[in-house]
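Q: Fold the stuff below for me.
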Amino acid sequence: MNMSQEQVIFCRIVANLLYKKIQGISVPLSNSPLHDLIIEEKSQGLFFAVKVADMDYPNSPEYQQYLATLNERSYWMKDERLPIILMCADKNTETIRFGYQLTWQRYRATIHTKVTLRDVTEQSWSEMIENLKEMDKVIRVLDNQKISFVKRIAVERQIPTGGMARGEIIYLRKFTNSYKMQQKEVSDEQEKFRRMVFGIPEEEYPNDILDEIIMRGIEGIFPRARRKSQILLLNTELQDLKSEQERTKKEFRIRIEPDFNDLVNYQGIINSFRILEIPLTLYHDPIRLFGDNLRDEFTSVSIPVAEWIESFGNIEKLLRLTLLRIDDVATEVD
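A: Below is the predicted model:
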């Protein structure tokens with residue numbers, strides 16, 4: 001989030017006051033519309049967010065607007081899945097008071113509309129850290145090897161009774177130097193508000209040849225398929241993915257093959273080409289009606305032979321090194 005110069009100065013004042021009172025913390029600026037600072041409690045390896053304000057903030061119209069913003073969020077992105085502490089500071093007296101603004105329990109966010117503020121003391125800070133540690137059983141940043149992108153593709157099929165059977169094909173892609181978010185500088189205020197409410201636009205998430213082949217294969221069976229991407233960053237998100245395994249599962253396999261109609265022009269490789277297969281999983285609610293209408297699927301994607309020859313090695317590498325299914329990561333939930 002782009003802060004005004006005055007906001008940045010106020011955040012630095014609060015950070016300096018915290019550094020004076022509390023040992024072993026790191027207090028960088030945040031980049032979220034929901035909070036201003038991220039605090040790392042180094043001895044505990046604990047992260048939480050801080051909304052910085054002055055002492056009059058809880059009684060102001062701006063605070064009511066902030067509460068409305070909190071209530072509008074979906075809390076599936078990184079910066080939205082941290083506890084938020086409201087810290088009100090008096091820079092003249094160098095005092096800070098704090099309270100719980102947003103807490104977590106059983107993977108659900110609770111927004112506190114009336115925050116009880118306490119002075120920052122060694123004892124009150126210690127008590128807060130203990131409470132946050134309980135939440136940390138839910139909220140924890142994954143290590144770099146587990147952080148990845150989640151691709152959810154919603155599918156649906158008409159059923160004989162006239163309704164729709166719906167499900168999701170879910171897979172993961174690992175971060176790489178070339179497979180990463182598209183950075184976008186946002187200056188328009190309306191665009192900032194839209195992103196604040198609806199999240200990062202889909203086009204800013206990475207998509208490569210493997211994603212496009214997967215989408216083509218799925219659209220061959222489900223023409224109205226819709227894709228939504230997100231970042232798997234916290235253990236709560238990993239736990240949410242694990243819960244998908246409780247739904248009914250169907251195999252969805254996509255075979256990548258050269259266009260056989262084009263092979264006549266490449267007779268030299270007719271006996272040597274190989275087929276790639278992408279194993280995916282379709283998840284849906286455990287209702288018999290869904291099970292009758294969303295079944296194991298097998299589809300093919302044909303690629304022009306010249307493109308197939310050029311891209312085969314890259315696709316095979318991406319498939320082998322970067323594609324994951326929920327089953328591959330669910331055992332890593334701790």
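Q: Count the neighbours of the residue nearest to residue 26 when sequence neighbours are not counted for me.
A: Nearest in space to residue 26, with sequence neighbours left out and distances taken as C-beta to C-beta, 6 or more residues apart in numbering, is residue 40 at 4.2 Å. Bear in mind the C-beta positions are built from the backbone N, C-alpha and C, glycine included. Residues within reach of residue 40, counting by other C-beta atoms under 10 Å, total 16.
Q: quick one: low-confidence ranges for the stretch 101-250 of the chain?
A: For the stretch 101-250 of the chain, the stretches flagged by pLDDT under 70 are 106-107, 136-141, 183-199.
Q: Going along the chain, name the strands of it.
A: 108-111, 118-119, 148-158, 164-174, 226-232, 248-258 (DSSP state E, counting those that start in this stretch).
Q: re the thing from before, next, find the distance separating the residue nearest to residue 26 from residue 129.
A: The spacing between residue 40 and residue 129, counted by C-beta to C-beta, to the nearest Å, is 12 Å.
Q: before we move on, what about residue 224?
A: Residue 224 is 48 Å from residue 129, by C-beta to C-beta.
Q: Out of the two, name the residue with the larger neighbour count.
A: Looking at residue 224 and residue 129 with other C-beta under 10 Å, you find the greater number of neighbours at residue 129, namely 16 against 10.
Q: what are the ranges of the helices in the stretch 1-150 of the chain?
A: With DSSP state H, counting those that start in this stretch as the criterion, the stretch 1-150 of the chain has helices at 5-21, 61-72, 122-136.
Q: closest one to residue 82 among the ones you listed?
A: Residue 82 lies closest, by C-beta to C-beta, to one member of these: helix 122-136, at 9.2 Å.
Q: Run through who's touching that closest one.
A: For helix 122-136, the external contacting residues (C-beta atoms under 8 Å, 6 or more residues apart in numbering) are 21-22, 41, 44, 46, 48, 83, 85, 98, 100, 103-105, 118.
Q: which of the residues in it are buried?
A: By neighbour count with 16 or more other C-beta atoms under 10 Å, helix 122-136 contains the buried residues 125, 128, 129, 132, 135, 136.
Q: average pLDDT across stretch 82-94?
A: Stretch 82-94 shows a mean pLDDT of 87.
Q: now the end-to-end length of it.
A: Terminal residues of stretch 82-94 are spaced 26 Å apart (C-alpha to C-alpha, to the nearest Å).
Q: picking up where we left off before, among the helices of the stretch 1-150 of the chain, which is nearest residue 258?
A: Across the helices of the stretch 1-150 of the chain, residue 258 has its closest neighbour in helix 61-72 (48.5 Å, C-beta to C-beta).
Q: burial of residue 243, as a residue count?
A: The number of residues packed near residue 243 is 12, by other C-beta under 10 Å.
Q: typed the wrong thing, it's residue 241
A: When neighbours are counted by other C-beta under 10 Å, residue 241 registers 18.
Q: Would you agree it is in contact with residue 329?
A: Yes. Between residue 241 and residue 329 there is a contact under C-beta atoms under 8 Å: 6.9 Å.
Q: what's the overlap in contacts for those two?
A: Common contacts of residue 241 and residue 329 (C-beta under 8 Å, 6+ apart): residue 232.
Q: Identify the residue nearest residue 66 in space, chain neighbours excluded?
A: residue 51 (7.3 Å).
Q: Check residue 255 too.
A: Distance criterion C-beta to C-beta, 6+ apart; nearest residue to residue 255, sequence neighbours excluded, is residue 300 at 4.4 Å.
Q: Now do the contacts for that neighbour.
A: Counting by C-beta under 8 Å, 6+ apart, residue 300 makes contact with 217, 220, 254, 255, 256, 257.
Q: measure the first one to residue 307 for me?
A: Residue 217 sits at a distance of 16 Å from residue 307 (criterion: C-beta to C-beta).
Q: So for the two, which residue has more residues nearby?
A: Neighbours of residue 217 and residue 307, each counted by other C-beta under 10 Å, are more numerous for residue 217; the result is 24 against 13.
Q: and the nearest residue to that one once chain neighbours are set aside, how many neighbours does it have?
A: With sequence-adjacent residues excluded and distances taken as C-beta to C-beta, 6+ apart, residue 217 is closest to residue 254, at 3.5 Å. As a burial measure, residue 254 scores 23 neighbours (other C-beta under 10 Å).
Q: any idea how far residue 108 is from residue 254?
A: For residue 254, the distance to residue 108 equals 35 Å [C-beta to C-beta].
Q: swap in residue 234?
A: Separation of residue 234 from residue 108 (C-beta to C-beta): 14 Å.
Q: Could you check which of the two is surrounded by more residues?
A: Neighbour comparison, residue 234 and residue 108: the larger count goes to residue 234, with 22 against 10 (by other C-beta under 10 Å).
Q: That one - nearest residue in space that isn't next to it in sequence?
A: Counting by C-beta to C-beta, 6+ apart, residue 81 is the residue found nearest to residue 234 once chain neighbours are left out, at 4.9 Å.
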